[in-house]
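[1] Sequence first, then the predicted structure, then my questions.
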Protein chains: 2
Amino acid sequence: MRTNYCGAINTEYLDKTVTIFGWVHRRRDHGGVIFIDLRDREGLVQVVCDPDNVDTFQTAEKIRNEYVLKITGRVRKRPEGTINTSLVSGEIEILVAAIEVLNSSLTPPFLMDDDNISEVVRLEHRYLDLRRPAMQSNLRLRHKVAMAVRVFLDRQGFLDIETPMLTKSTPEGARDYLVPSRVNAGHFFALPQSPQLFKQLLMVSGFDRYYQITRCFRDEDLRADRQPEFTQIDIETSFLSENEIMSLMEEMMRGLFKDVSNVDLPNPFPRLTYADAMFKYGSDKPDLRVALEFTELTDAMKEVPFKVFREAAEKPDGRVAALRIPRGGELSRKEIDDYTAFVGIYGAKGLAYIKVNRLSEGVEGLQSPILKFLPEDIIRTILVRTRAQDGDLIFFGADRTKIVNESLGALRIKIGHQHGHAESGWKPLWVVDFPMFERNEEENRWQALHHPFTSPADGHEDFLQTDPGKALSKAYDMVLNGSEIGGGSVRIHRQDIQSKVFRALNISEQEAQEKFGFLLEALQYGAPPHGGIAFGLDRILTMMTGSESIRDVIAFPKTQRAQCLLTHAPSTVDEKQLRELNIRLRQIETKSSSG
Amino acid sequence: MRTNYCGAINTEYLDKTVTIFGWVHRRRDHGGVIFIDLRDREGLVQVVCDPDNVDTFQTAEKIRNEYVLKITGRVRKRPEGTINTSLVSGEIEILVAAIEVLNSSLTPPFLMDDDNISEVVRLEHRYLDLRRPAMQSNLRLRHKVAMAVRVFLDRQGFLDIETPMLTKSTPEGARDYLVPSRVNAGHFFALPQSPQLFKQLLMVSGFDRYYQITRCFRDEDLRADRQPEFTQIDIETSFLSENEIMSLMEEMMRGLFKDVSNVDLPNPFPRLTYADAMFKYGSDKPDLRVALEFTELTDAMKEVPFKVFREAAEKPDGRVAALRIPRGGELSRKEIDDYTAFVGIYGAKGLAYIKVNRLSEGVEGLQSPILKFLPEDIIRTILVRTRAQDGDLIFFGADRTKIVNESLGALRIKIGHQHGHAESGWKPLWVVDFPMFERNEEENRWQALHHPFTSPADGHEDFLQTDPGKALSKAYDMVLNGSEIGGGSVRIHRQDIQSKVFRALNISEQEAQEKFGFLLEALQYGAPPHGGIAFGLDRILTMMTGSESIRDVIAFPKTQRAQCLLTHAPSTVDEKQLRELNIRLRQIETKSSSG
């Protein structure tokens, strides 16, 4: 019945009769004629109701915004001077022959082209919010990205295999969402945090190449960029090395950006070891758009009179580093104070700096409260190593390495983007050679930096027992503009190595058996070497669409309180349902025992 | 590193050096030479280890079934007389130059080409079971089907839009899986029984064409062909009529069967009204492979002396029908007794029959215990209406319509397939013009035959109030070989009609508001006419693969007790987890209060 989408009619259709369906975006009366902008998912078209056509004109007089219409009419050129070049249909209009009102509408709480609506109102009326062109375009891009991924992976021989949603706790550190079992009283399913173990089992089964675009769940305290349920592009392959997996995955990503956004990503992606990334950028997900880099100074500061630097340099886990800001001399006192407060968020107790006014004047040409505490040769070292130029400003971080990296790393990004030291566009890279473990200081134990199924680097198996902190892994992260968009690794395919890793993580034989006995068993029946990766689809889309929030690329997202403002989920349920599930609420409990 | 898949090497590669990875399917020592059948997902290839190559031979001597090998070698012709025509690689073999054992294997609990393994053992070692060629092929077909669906729908402008998994109870009659919310104490999410309401909201949002291949959940008592989680091809469109939706969907299905199985389905699919389907086959999902049809006799039996027939014919909800079995005269007394027992399962109290020996001899040529209770003109009516031929047998059903339909309908299928009255191949059809409601006798109320969002047929709106049983709907089911593989409808897009349907279903204003207030609200803001369908992917695949169980087309299925024998989900969880979720177990409760 529909001959065309509204937003796709152009001069090709001149003099043709078309039938279109859509929503009234605007109605204007102008010189006795009624103009309607009719909207569908492809855009707007202008519809003209002439008073000569009495029937249609009477109908047109009654319609309001967001009414749903079926219109048949002839396509004609717009009069000179009324052409709208921002629309595909901007050179034409449709002279109505027939109008049918398919549905009316109450006055909506906001206009569909208003971009300044509070998010609460948007989420409460999500079905209207999703009519807005920005949201239409975001979800359409999401479809395109998912489809491009599928087509690529299908061509590469990957099989889309579904793994269970009702499953057993996975050990990735986050809290599980639990689902009480009615049939098996007192027992619970867990919603998957990722299909990690299942995809490894599929490799043991010989499927060779697996993928799935799948929902994952983490019951964590929510941050702005997190959702309780999120979507992962989950991939696993057998018999490929780290390099082969990384090459294939960046090929996918290049294709994706080209197909969907016509962007050329570099070939190959640059690679950076974890150690280098921390050394140069203080981050394992450096934003390479920012040209600024750290300068290492720890070794030079071990004997300086300036206590803050000396003590940091002397600590085994301390670091002193500089961040040179070209032309940073322009920064005002106020700006430097603001940056000092900013690094405080990351635990830095101050933000020492040196302004480089005129190098030719030696120390006299510098300006800094800390100069008096630093010997001249050290100052010279700083200037040489940072390659300081007249007009630069050098910031310093001196503290525990973690604090220096985080504070100076954040400062690098902030100043980089604020003061013209950042390129635009897309800067992907791989970060590789991650450590196997990181120290959990609170619980005084090692924990897996990726997950406990990550293979140690070749030759690093022995460190698992002798010096876990030294062991590197075969993990790799894909980083884009300062965000980790994908992370993966070659997995352990031998049961003896897997046991050693559990031991290093202080997971007892019994606990390992209880939690992933089936994996340990599977590894004994001819598990192939295998590895994979998982990409965060929501995050990739948030970046590709330039959205401020992950919620803008999800059709029906939840708030930071994990609520759906549209359906009012989660909600209370009947006592009968709880009884069937063999559970009761604790609150009700407390009340009834005190009553 | 890998140059070829094992199972894909053929004479094209003669004299080439290949590197392959795979599992040892069999090892044979034969005349001082070791032969290995190496298996990967593409199949087997024969590998030959010559004792002249001492290193590789020594390695080959140590390997056992299911070891994982990397092999490099030269492709050569197999000697005359050893060609295996059942393999792609059957004319060649690989003379090994190098073997690397990538992993060893314990002796597996079953051989990979054994098809007689108990399902419990298979599910406990699913990662091994999935190595079996049948399971590899099933899951690969599943991938192909899903991809073919996606490609078709993408080309037709459908957008893949993800809907929430953590959502609110939907009202489709089945029990919800609940997920306690930690952040919102005492509140629960429900896992979706289907994305029904969300896809309707997406139409209200103007996305025009939506699809999703998505997991759905029903906490029902499990039958052989049910799983607690199952996969639905979920589709919704705006502005299309029933006919347009059905045409598009059968086009998809035809393409699917052609692409994936090279099967030509009819164009168009035949259509049958619900009334006709019940009338002719006693079923709303008739198996059209079976040529047998019912003959209506109710009108003719209202005054016969035979009480069983007369009483059924006189009842307002009674029916008398015949099922003629061509050449059924051959059935033995024992077979007829078995069929009588069989229809008893469906509530039939007996199974009257007439054997048609020689029509030319009149009543004398018939043989039946009931002849004496039937007047001759009625017997003649039976013979004429059923078009009886010499050698036929006519079965009768006489009872409440429901019992006649179910028992005689089941008998039709059973005899049809057992006695050569069924074609092979694929017989799809549409069943249309369903009633809006069916009577729930136990609860003495109307319930939705499809779901409460189904639109009444044009002109049937008034029946919603005056005579709900008469109201037909715009629902349609796609039926294939006696199974419903998809069901859908044009939905209600006007709030006033939706309210009327809720009223007919005895859902109070308040309950409707609580459960789907957001939908009722959305319908007031310019909801377009819309409709859709959902296909059961698991069932389609069970049929396409000729599997006995739905579990054979799911990678990690659950048992009928809703358990995963591999991971042992569901499982008990820590008290701490329950406390965080503000719930406690009822059992523990009871115990501690009695202790």
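    Thanks, I have it.
[2] Quick check: residues of the stretch 401-550 of chain A near chain B?
    A:His493, A:Arg494, A:Phe518, A:Ala522, A:Gln524, A:Tyr525, A:Gly526, A:Ala527, A:Pro528, A:Pro529 (C-beta under 8 Å from any C-beta of the partner chain). Placement of C-beta: from N, CA and C, glycine included.
[3] Mind giving me the ChimeraX select for the residues you listed, buried ones only?
    ChimeraX command restricting those to the buried ones, with burial defined by 16 or more other C-beta atoms under 10 Å in any protein chain shown:
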select /A:493,494,518,522,524,525,526,527,528,529
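[4] In helices only, show me the residues of the stretch 401-550 of chain A next to chain B.
    Judged by DSSP state H, helices contain the following of those: A:Phe518, A:Ala522.
[5] so how far is chain B from the closest residue to A:Ile370 other than its chain neighbours?
    Excluding the flanking residues, the one nearest A:Ile370 by C-beta to C-beta, 6 or more residues apart in numbering or on different chains is A:Ala352, at 4.9 Å. Distance, A:Ala352 to chain B, by C-beta to the nearest C-beta, to the nearest Å: 42 Å.
[6] Tell me who's in contact with A:Ala352.
    By C-beta atoms under 8 Å, 6 or more residues apart in numbering or on different chains, A:Ala352 lies in contact with A:Val308, A:Phe309, A:Ser368, A:Pro369, A:Ile370, A:Phe395, A:Phe396, A:Ala398.
[7] Can you get me a residue count around the fifth one?
    Just to be clear, that refers to A:Ile370. Applying other C-beta atoms under 10 Å in any protein chain shown, we find 16 residues neighbouring A:Ile370.
[8] Next: the second one.
    For A:Phe309, the count of nearby residues is 26 (other C-beta under 10 Å).
[9] What is the subsequent helix or strand relative to the helix or strand where it lies?
    Per DSSP states H and E, A:Phe309 falls inside helix A:307-314. Counting by DSSP H and E, the next helix or strand C-terminal to helix A:307-314 is strand A:318-325.
[10] Between helix A:307-314 and that next one, find me the angle.
    120 degrees (axes from the mean of the first three to the mean of the last three C-alpha atoms, to 10 degrees).
[11] Could I get the CA-only coordinates of the strand or helix carrying A:Phe396 as CSV?
    Assigned by DSSP H and E, A:Phe396 belongs to strand A:393-400. C-alpha atoms of strand A:393-400 as CSV (Å, rounded to 0.1, in the frame of the first residue of the first chain):
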residue,chain,number,x,y,z
LEU,A,393,55.1,24.5,31.4
ILE,A,394,56.2,21.3,33.1
PHE,A,395,53.9,19.6,35.6
PHE,A,396,55.2,17.0,38.1
GLY,A,397,53.7,14.0,39.7
ALA,A,398,55.5,12.4,42.7
ASP,A,399,53.8,9.8,44.8
ARG,A,400,53.0,6.1,44.7
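[12] mean confidence score for that strand?
    The pLDDT scores in strand A:393-400 average 97.
[13] likewise stretch A:2-11?
    On average, stretch A:2-11 scores 96.
[14] How about stretch A:196-215?
    In the prediction, stretch A:196-215 has an average pLDDT of 97.
[15] What is the end-to-end distance of it?
    End-to-end distance of stretch A:196-215 (C-alpha to C-alpha, to the nearest Å): 13 Å.
[16] circling back: most surrounded residue in the contacts of A:Ala352?
    A:Ala398 (28 neighbours).
[17] From chain B, how far off is it?
    In terms of C-beta to the nearest C-beta, A:Ala398 sits 40 Å off from chain B.
[18] for that residue, what are its contacts?
    A:Met301, A:Val308, A:Phe309, A:Glu311, A:Ala312, A:Ala313, A:Gly318, A:Arg319, A:Val320, A:Ala321, A:Ala352, A:Val404.
[19] at 10 Å what do you get?
    A:297-298, A:301, A:306-313, A:315, A:318-322, A:348-350, A:352, A:404, A:408 (C-beta atoms under 10 Å, 6 or more residues apart in numbering or on different chains).
[20] got it, and A:Met543?
    Here A:Met543 is in contact with A:Trp426, A:Leu480, A:Asn481, A:Gly482, A:Ser483, A:Ile485, A:Gly536, A:Val553 (C-beta under 10 Å, 6+ apart).
[21] picking up where we left off before, how about the contacts of A:Ala352 in JSON lines, adding distance to A:Ile233?
    Output for the contacts of A:Ala352, formatted as JSON lines (distance: C-beta to C-beta, whole Å):
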{"residue": "A:Val308", "distance to A:Ile233": "46"}
{"residue": "A:Phe309", "distance to A:Ile233": "45"}
{"residue": "A:Ser368", "distance to A:Ile233": "49"}
{"residue": "A:Pro369", "distance to A:Ile233": "50"}
{"residue": "A:Ile370", "distance to A:Ile233": "48"}
{"residue": "A:Phe395", "distance to A:Ile233": "38"}
{"residue": "A:Phe396", "distance to A:Ile233": "41"}
{"residue": "A:Ala398", "distance to A:Ile233": "41"}
